[in-house]
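Visitor: show me the folded form of this:
(one chain, ligands or ions: 2)
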Amino acid sequence: MKLEFMALEKTFPDGTRGLSGASLTIETPAFVVLSGKNGSGKTLLARHALGLEQADSGEVLLDGKALASVLPEARRRIALVFQEPEHQILGVTVREDVEFGPRSSGEAPSSYRRRVDDALATAGLAGYDDRLCAGLSGGEKRRLAIASALLSNPELLVLDEPFNGLDWTGAASLITTLLRLQESGTGVLVVTHDLEKCLAHADRLVVMEGGSVIRDGSPASLWDELPALGLRRPPGSVERLAEMSWGAQLA
Ligand SMILES: Nc1ncnc2c1ncn2[C@@H]1O[C@H](COP(=O)(O)OP(=O)(O)OP(=O)(O)O)[C@@H](O)[C@H]1O
Ligand SMILES: [Mg+2]
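Guide: Ligands and ions are numbered 1, 2, ... in the order given. So this is what the prediction gives:
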């Protein structure tokens, strides 16, 4: 899959410039980390991938076609885990929430039961089936959003600040899950400031500032510049970047 953001511009009615010529191409499989300071436009760009925001100008293309013309298809093939996971909870209980997609599209419970079990287990929510979503902790809500996103088997999984609220084992098991997905051919786009947890695995690091993409390269090639770009460099030297794996720590 090829997803292209081409010269997106967006100014809000209050005059805030959200995106200012943002361009980015993602081809799956890939493990891309998108970073940048607060307010640099990361969430806004990610939301354009699902047509949740309309740019004033510029284009989003999915396999060369205008996203707006293939929106239902795009929303099947691309999954987004929101920065605020409570915004995407649709069920009363955990299991109802994860089942929401297949159930509302009329699929028989026998055909999705196993997938739901697997997604809950992968997200670290095995045994949470009957818990009320409203009573979940922040980290549990994030795990729930991840489980729901995994259920559709997306070709590209976009996670906006996925480590927020996750404890150490939660973050490490999320990384392990993402690596497994990448191995199976899924594209992973992680939007985060938390480079320490994921940079070791990234093929590409993309940095935004002021609504545009200002860097796009290998983590090693951008390593020296990170502090100047306002990003916290993981401790250690670039030569040992590959060893800074969080996923491996659980093994
Ligand atoms: N609905 C809105 N109305 C006005 N301004 C907005 C709106 N949504 C986003 N913005 C502005 O657009 C800019 C980019 O916002 P965005 O949420 O994409 O930043 P971000 O890079 O995700 O930041 P953070 O790291 O804090 O999550 C910010 O200046 C923000 O205030
Ligand atoms: Mg954001």
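Visitor: which residues of this structure fall in helices?
Guide: Ranges of helices in the chain, per DSSP state H, are 42-48, 71-77, 94-104, 109-122, 138-151, 168-183, 195-198, 219-222.
Visitor: which of the ones you listed sits closest to ligand 1?
Guide: helix 42-48 (3.2 Å; Cβ to the nearest ligand atom). C-beta: built from backbone N, CA, C; applies to glycine.
Visitor: around ligand 1, pick out the residues from this protein.
Guide: Applying Cβ under 6 Å from any ligand atom, one finds that the chain approaches ligand 1 through 12, 14, 16, 18, 36, 38-44, 83.
Visitor: let's go with 8 Å and repeat that
Guide: With Cβ under 8 Å from any ligand atom as the criterion, the chain comes near ligand 1 at residues 10, 12-14, 16-19, 36-47, 83, 160-161, 191, 193, 208, 211.
Visitor: could you flag which of those residues are buried?
Guide: 10, 18-19, 36, 40-47, 83, 160-161, 191, 193, 208, 211 (16 or more other Cβ atoms under 10 Å).
Visitor: need the helices of the chain in CSV (columns: distance to Arg204 and mean pLDDT).
Guide: Shown next, in CSV, are those (distance: least, Cβ to Cβ, whole Å; pLDDT from 0 to 100):
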stretch, distance to Arg204, mean pLDDT
helix 42-48, 14, 97
helix 71-77, 20, 94
helix 94-104, 29, 94
helix 109-122, 24, 93
helix 138-151, 21, 91
helix 168-183, 12, 86
helix 195-198, 12, 91
helix 219-222, 8, 96
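Visitor: skipping adjacent residues, who's closest to the one residue sitting closest to the centre of the chain in space?
Guide: With distances taken as Cα atoms, centre = their mean, the residue of the chain nearest its centroid is Leu159 (1.5 Å). Nearest residue to Leu159, sequence neighbours excluded (Cβ to Cβ, 6 or more residues apart in numbering): Val81, at 4.5 Å.
Visitor: ok, the nearest residue to Pro85 once chain neighbours are set aside to Ser111 distance?
Guide: The spatial neighbour of Pro85 that comes closest, neighbours along the chain excluded (Cβ to Cβ, 6+ apart), is Ala145 at 3.7 Å. Applying Cβ to Cβ, to the nearest Å, one obtains 23 Å for the distance of Ala145 from Ser111.
Visitor: and those two? which has more neighbours close in?
Guide: Ala145 (27 against 9; other Cβ atoms under 10 Å).
Visitor: which residues touch Gly230?
Guide: Neighbouring residues of Gly230 by Cβ atoms under 8 Å, 6 or more residues apart in numbering: 36-37, 209.
Visitor: one more pass at 6 Å, please.
Guide: Lys37 (Cβ atoms under 6 Å, 6 or more residues apart in numbering).
Visitor: in terms of contact, does Ser245 touch Ala202 like I think?
Guide: No: the pair Ser245 and Ala202 does not pass the contact test of Cβ atoms under 6 Å, sitting 11.2 Å apart.
Visitor: pull the contacting residues for the residue of the stretch 51-200 of the chain found nearest ligand 2.
Guide: Nearest residue of the stretch 51-200 of the chain to ligand 2: Gln83, at 4.9 Å (Cβ to the ion). Shown in contact with Gln83 (Cβ under 6 Å, 6+ apart): 43, 160-161.
Visitor: distance to Leu62 for the helices of the chain - can I get that in TSV?
Guide: Output for the helices of the chain, formatted as TSV (distance: least, Cβ to Cβ, whole Å):
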stretch	distance to Leu62
helix 42-48	11
helix 71-77	5
helix 94-104	19
helix 109-122	24
helix 138-151	18
helix 168-183	19
helix 195-198	25
helix 219-222	26
